[in-house]
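Peer 1: sequence first, then the predicted structure:
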Amino acid sequence: MQDRTYYKIVYVLISYICPRMPAKVNAEATNGPVPGCASQWGGIWHQLQRVRSNDSCLFTRSQPGTLYQFWQRAYARDLISFAQRHGCESFLELGCGRATTSMYLADKGYRNISLVDLSRDAHRLAASNFNQMGLRLPPFILADVRSSGLPSGSFDCIYNIGLLEHFDDPAEVLHETYRLLKPGGVVFMPIFPERTPTLAFFLRCALNPLSFARRWWRGVAPDEHHIKRTIAPCTHYENLCIDTGFSWSECMHYNPFPKVVRDSFYERKVVLSFYRMAEWIRNWKSRDFSFRTNAFSSVGYLLIAGKQAR
């Protein structure tokens with residue numbers, strides 16, 4: 001019995017120390033969205049609408065109070081700057097969810113905005129958030145992002161935050177995006193695959209070495225809502241855009257500010273203060289996208305692409 005106990009202890013220790021590679025998801029699969037993803041998101045929007053919290057509305061006119069608000073504000077700033085450089089006037093958010101990015105556009109005075117999402121709970125949550133902030137809710141179309149039913153060639157800019165990684169094959173979403181774009185239109189799509197930035201790994205190990213080293217070696221866990229995400233390199237999305245018909249595309253590493261601790265006083269008061277200072281320095285030096293970074297620190301990717309002008 002003592003020998004068995006000894007071997008069990010050794011096995012547990014080895015399982016904590018020895019690396020286990022995360023299971024890879026086939027980036028060339030063609031089965032549409034990850035199973036259960038749509039219904040899971042609907043449940044999340046329903047819960048955020050029923051029990052209001054900091055995550056219910058990520059739009060803020062003051063200093064961000066959470067890391068997610070900090071991220072969303074930066075994504076919106078980069079989108080607005082990108083759209084201005086390309087002279088965009090009409091916008092569509094595919095898979096809008098709570099529509100935080102569109103709230104920033106509306107707050108800046110943009111009026112020609114449309115929203116598409118499959119979830120009625122997302123519609124109710126977005127409507128509540130716009131109303132809470134004194135903004136007019138744009139037209140909201142309840143439809144699948146792969147087949148919206150909207151007229152072709154309707155928008156100058158199509159964007160979303162974290163959509164493509166929830167599809168085993170995002171080509172259908174990109175085909176619909178291409179169809180809806182006007183000639184000369186552009187795409188802005190941050191993507192957050194199932195990965196942990198190297199910088200986040202070192203920071204997490206410094207703060208809590210046992211817990212986060214164990215999670216790292218066992219493979220990257222699903223996000224906090226346990227929604228599956230695919231794994232694919234930057235070049236995969238660039239090639240998909242070219243195959244779809246876009247005249248140009250670029251997929252860059254994006255967002256150098258990883259989440260290193262769970263929501264806590266430490267994150268809100270210490271981590272965010274440091275991130276805001278670093279963001280200010282980056283904005284001062286940035287020439288295009290304030291969140292552009294490298295593979296060492298990136299939380300995800302940013303996919304931009306354009307349709308050939310006539």
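Peer 2: Right, received. Where do you want to start?

Peer 1: what about Trp284, how many residues nearby?
Peer 2: 8 (other C-beta atoms under 10 Å). C-beta coordinates here come from the backbone N, C-alpha and C atoms, glycine included.

Peer 1: the helix or strand hosting it: which residues count as buried?
Peer 2: Assigned by DSSP states H and E, Trp284 belongs to helix 272-285. For helix 272-285, burial by neighbour count (16 or more other C-beta atoms under 10 Å) applies to 272, 275, 279, 282.

Peer 1: tell me which helix or strand comes right after that helix.
Peer 2: strand 300-306.

Peer 1: hmm, which two among the buried residues of helix 272-285 are most spread apart?
Peer 2: The span of the buried residues of helix 272-285, defined through C-beta to C-beta, is set by Leu272 and Arg282 at 14.9 Å.

Peer 1: and the helices in the stretch 1-150 of the chain?
Peer 2: Along the stretch 1-150 of the chain, counting by DSSP state H, counting those that start in this stretch, helices occupy 2-17, 37-50, 67-85, 100-107, 120-132.

Peer 1: okay, now the residue nearest to Trp41 when sequence neighbours are not counted: neighbour count?
Peer 2: The shortest distance from Trp41 to any non-neighbouring residue, by C-beta to C-beta, 6 or more residues apart in numbering, is to Ser119 (6.1 Å). Number of residues near Ser119 (other C-beta under 10 Å) recorded here: 21.

Peer 1: for Ser119, give its distance to Phe140.
Peer 2: Look at Ser119 and Phe140: by C-beta to C-beta, to the nearest Å, they are 11 Å apart.

Peer 1: likewise Glu93?
Peer 2: 10 Å.

Peer 1: so what sits against both of those two?
Peer 2: Residues within reach of Glu93 and of Phe140 at once, by C-beta atoms under 8 Å, 6 or more residues apart in numbering, are 114-116.

Peer 1: isn't Glu279 right next to Ser290, touching?
Peer 2: Yes. The pair Glu279 and Ser290 passes the contact test of C-beta atoms under 8 Å, sitting 6.8 Å apart.

Peer 1: can you work out which residues contact both of those two?
Peer 2: Contacts common to Glu279 and Ser290, judged by C-beta under 8 Å, 6+ apart, are Ala74.

Peer 1: just to revisit the earlier point, looking at Glu93 and Phe140, which one has more neighbours?
Peer 2: Using other C-beta under 10 Å, the more surrounded residue of Glu93 and Phe140 is Glu93, with 28 against 21.

Peer 1: was I right to think the more buried one contacts Asn160?
Peer 2: Yes. At 5.9 Å, Glu93 counts as touching Asn160 under the criterion of C-beta under 8 Å.

Peer 1: between those two, which contacts overlap?
Peer 2: In contact with both Glu93 and Asn160: Thr101, using C-beta under 8 Å, 6+ apart.

Peer 1: pLDDT wise, what is Glu267 at?
Peer 2: On pLDDT, Glu267 comes in at 74.

Peer 1: is it true that it touches Leu67?
Peer 2: Yes. At 6.1 Å, Glu267 and Leu67 qualify as touching, with contact defined as C-beta under 8 Å.

Peer 1: find residues that contact each of these two.
Peer 2: Common neighbours of Glu267 and Leu67 (C-beta under 8 Å, 6+ apart) are Lys259.

Peer 1: higher neighbour count, these two?
Peer 2: Each of Glu267 and Leu67 has its neighbours counted (other C-beta under 10 Å); Leu67 has more, 19 against 16.

Peer 1: the more buried one contacts Ser273, doesn't it?
Peer 2: No. Judged on C-beta under 8 Å, Leu67 makes no contact with Ser273 at a distance of 11.7 Å.

Peer 1: list the contacts for Thr235?
Peer 2: Contacts of Thr235 (C-beta under 8 Å, 6+ apart): Cys251.
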